[in-house]
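>>> Fold the following and give me the result.
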Amino acid sequence: MSLIQLDIVSPRRLLYSKDVRMVIARAQSGEIGILPGHLPIVATLEPGVMRVKLEDESEEKIVVSGGFLEVSKEKITVLARTAELPEEIDVDRALQARERAEKRLKELSKDRVDQARAKAALDRAMARLNVIGRK
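Below you'll find the predicted structure:
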């Protein structure tokens with residue numbers, strides 16, 4: 001079974017570095033799956049949950065709040081604005097962020113810039129809650 005190196009980097013730290021079987025992420029153009037031997041690409045990532053399939057058939061989930069994914073012959077590199085492992089997520093904070101974003105979306109029916117920011121905040125909160133099994 002072939003593997004490929006996955007590195008997830010944010011401005012603050014190297015979050016993740018392992019050999020993996022597959023990466024599934026939400027790109028701007030839709031969901032993308034990367035296996036060893038994939039053609040080189042660069043994709044813009046949307047906020048969401050990245051699924052990482054490991055050699056032992058298990059799966060890890062990582063929250064990314066946008067960024068870029070680059071695939072080369074020997075490596076997948078994710079440059080994320082922010083990235084979190086499930087055990088790092090503060091459930092109460094994520095629930096509060098979701099409530100604030102939902103409230104702002106209801107109040108901001110005409111301002112497109114504020115609506116986009118509120119929608120992005122809601123997407124980040126929902127990804128955090130989804131990765132830890134809360135909705």
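>>> May I see the buried residues of stretch 42-61?
43, 45-53, 60-61 (16 or more other C-beta atoms under 10 Å). Quick note: C-beta positions are derived from backbone N, CA and C, even for glycine.
>>> How about stretch 79-88?
79-80, 83-84.
>>> Just the mean pLDDT for whichever helix in the chain runs longest, thanks.
Of all segments of type helix in the chain, defined using DSSP state H, the longest is helix 112-131. The average pLDDT within helix 112-131 is 73.
>>> Is it correct that residue 6 is in contact with residue 72?
No: Residue 6 is beyond contact range of residue 72, at 11.7 Å (criterion: C-beta atoms under 8 Å).
>>> burial of the spatially closest residue to residue 104 that is not a sequence neighbour, as a residue count?
With C-beta to C-beta, 6 or more residues apart in numbering as the criterion, residue 104 has its nearest non-adjacent residue at 3.9 Å, and that residue is residue 118. A count of nearby residues for residue 118, using other C-beta atoms under 10 Å, gives 20.
>>> what does residue 99 give?
Counted with other C-beta under 10 Å, residue 99 comes out at 12.
>>> Need phi/psi at it.
Phi and psi for residue 99, reported as degrees, to the nearest 10, are phi -60, psi -40.
>>> And residue 38, by the same measure?
Per degrees, to the nearest 10, the backbone of residue 38 is at phi -60, psi 150.
>>> and the gap between the residue nearest to residue 104 and residue 131?
With distances taken as C-beta to C-beta, to the nearest Å, residue 118 is found 21 Å from residue 131.
>>> what are the ranges of the strands in this protein?
Assigned by DSSP state E, the chain shows strands spanning 4-9, 14-20, 22-27, 30-34, 41-53, 59-71, 75-80, 83-84.
>>> Run through the neighbouring helices and strands of the shortest one.
So that's strand 83-84. Contacts defined by 3 or more C-beta pairs under 8 Å, 6 or more residues apart in numbering; DSSP states H and E place strand 83-84 against strand 14-20, strand 59-71.
>>> before we move on, the earlier item: what would the buried residues of stretch 79-88 look like in JSON lines with pLDDT and distance to residue 95?
Converted to JSON lines, the buried residues of stretch 79-88 look like this (pLDDT from 0 to 100; distance: C-beta to C-beta, whole Å):
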{"residue": "79", "pLDDT": "97", "distance to residue 95": "28"}
{"residue": "80", "pLDDT": "94", "distance to residue 95": "22"}
{"residue": "83", "pLDDT": "89", "distance to residue 95": "20"}
{"residue": "84", "pLDDT": "88", "distance to residue 95": "15"}
